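have a look at this prediction, sequence included:
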Amino acid sequence: EPEVTQTPSHQVTQMGQEVILRCVPISNHLYFYWYRQILGQKVEFLVSFYNNEISEKSEIFDDQFSVERPDGSNFTLKIRSTKLEDSAMYFCANRPSSGNTIYFGEGSWLTVV
Amino acid sequence: DAKTTQPTSMDCAEGRAANLPCNHSTISGNEYVYWYRQIHSQGPQYIIHGLKNNETNEMASLIITEDRKSSTLILPHATLRDTAVYYCIVRSFTSGTYKYIFGTGTRLKVLA
């Protein structure tokens, strides 16, 4: 299976701090997604991104979240001012332009204290 | 978005076939059925997908009913490593993009 790489694997941050989670996509996979999973709960859709624009976002993806491709390759999720309830596993997923299947990274575990 | 319904949990004996059902009665004609699984808290792993024909790959088989309102994922010879949460997803197309919305899944436990 194609590999999506995420960093960091685990981050602990103080409440109110900014966090950036990074995703290295599969080559030529131009559609990006972020999901999150709070411990013990289901995988929730956050946002989809293509051609430097957000395609769709969920209610969870409020003004404190943002996404970008700062260098044209890596894909980032920024949480501006973290809250305790942002503690979760965040998954990046990737889809090729011509394909139908999205592939997930191994996730970044965020703990807000 | 078409909603899916799956049993909360299932057990299967090692070496036997695991049959995981999914109901998607509101599926539209051009929406695909996807199956992923998640082992512990790892990233969801793609298994298989289909539109209306039955599909088979090295991991599993997917049987879709003729009316497309339900499907079954079959793991032909379950092993202990197949213990995971299995998600049935109907891929929808909205706002110019495909959406993959996870439900609560089926927790499959393979027993020795």
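Sure thing, it's come through.

worst-scoring helix or strand of chain B, pLDDT-wise?
Between all helices and strands in chain B, the lowest mean by mean pLDDT, DSSP states H and E belongs to strand B:97-100, at a mean of 85.

buried sites along it?
For strand B:97-100, burial by neighbour count (16 or more other CB atoms under 10 Å in any protein chain shown) applies to B:Thr97, B:Tyr98, B:Lys99, B:Tyr100. Bear in mind the C-beta positions are built from the backbone N, C-alpha and C, glycine included.

ok, stretch B:41-53 next?
With burial defined by 16+ other CB under 10 Å, the residues of stretch B:41-53 counted as buried are B:Gly43, B:Pro44, B:Gln45, B:Tyr46, B:Ile47, B:Ile48, B:His49, B:Gly50.

just stretch B:54-70 next, same as before
If you call a residue buried by 16+ other CB under 10 Å, then stretch B:54-70 has these buried ones: B:Glu55, B:Met59, B:Ala60, B:Ser61, B:Leu62, B:Ile63, B:Ile64, B:Arg68, B:Ser70.

just send these back as JSON lines, with pLDDT and secondary structure too.
Listed next are those as JSON lines, based on pLDDT from 0 to 100; DSSP: H, G, I helix; E, B strand; the rest coil:
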{"residue": "B:Glu55", "pLDDT": "96", "secondary structure": "strand"}
{"residue": "B:Met59", "pLDDT": "94", "secondary structure": "coil"}
{"residue": "B:Ala60", "pLDDT": "97", "secondary structure": "coil"}
{"residue": "B:Ser61", "pLDDT": "98", "secondary structure": "strand"}
{"residue": "B:Leu62", "pLDDT": "98", "secondary structure": "strand"}
{"residue": "B:Ile63", "pLDDT": "97", "secondary structure": "strand"}
{"residue": "B:Ile64", "pLDDT": "96", "secondary structure": "strand"}
{"residue": "B:Arg68", "pLDDT": "94", "secondary structure": "coil"}
{"residue": "B:Ser70", "pLDDT": "95", "secondary structure": "strand"}
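
quick check: the two most widely separated of the residues you listed?
Between any two of the buried residues of stretch B:54-70, the greatest separation by CB to CB is 21.7 Å, found for B:Met59 and B:Arg68.

in the chain, what spans have low per-residue confidence?
Answering for chain A, as no chain was given. Counting by pLDDT under 70, chain A has low-confidence residues at A:1.

not quite, I wanted chain B
Ranges of chain B meeting pLDDT under 70: B:1-2.

sorry, back to before: relative to A:Tyr90, which of the buried residues of stretch B:54-70 is nearest.
Among the buried residues of stretch B:54-70, B:Met59 lies closest to A:Tyr90 (CB to CB), at 25.7 Å.

now the farthest one out in chain A, which residue is it?
Within chain A, A:Ser98 marks the point farthest from the mean C-alpha position, 21.7 Å out by CA atoms, centre = their mean.

the least confident helix or strand of chain B and chain A in contact?
Yes: shown here: strand B:97-100 in contact with chain A (CB under 8 Å from any CB of the partner chain) through B:Thr97, B:Tyr98, B:Lys99, B:Tyr100.

show me where the chain has helices.
Defaulting to chain A. With DSSP state H as the criterion, chain A has no helices.

what does it put close to chain B?
Applying CB under 8 Å from any CB, we find that chain A lies next to chain B at A:1, A:4, A:31, A:33, A:35, A:37, A:39, A:42-45, A:48, A:50, A:55-56, A:89, A:91, A:93, A:95, A:100-107, A:109.

can you say which of these are buried?
Buried subset of the residues of chain A next to chain B (neighbour count, 16+ other CB under 10 Å): A:4, A:31, A:33, A:35, A:37, A:43-45, A:48, A:50, A:55-56, A:89, A:91, A:93, A:95, A:101-107, A:109.
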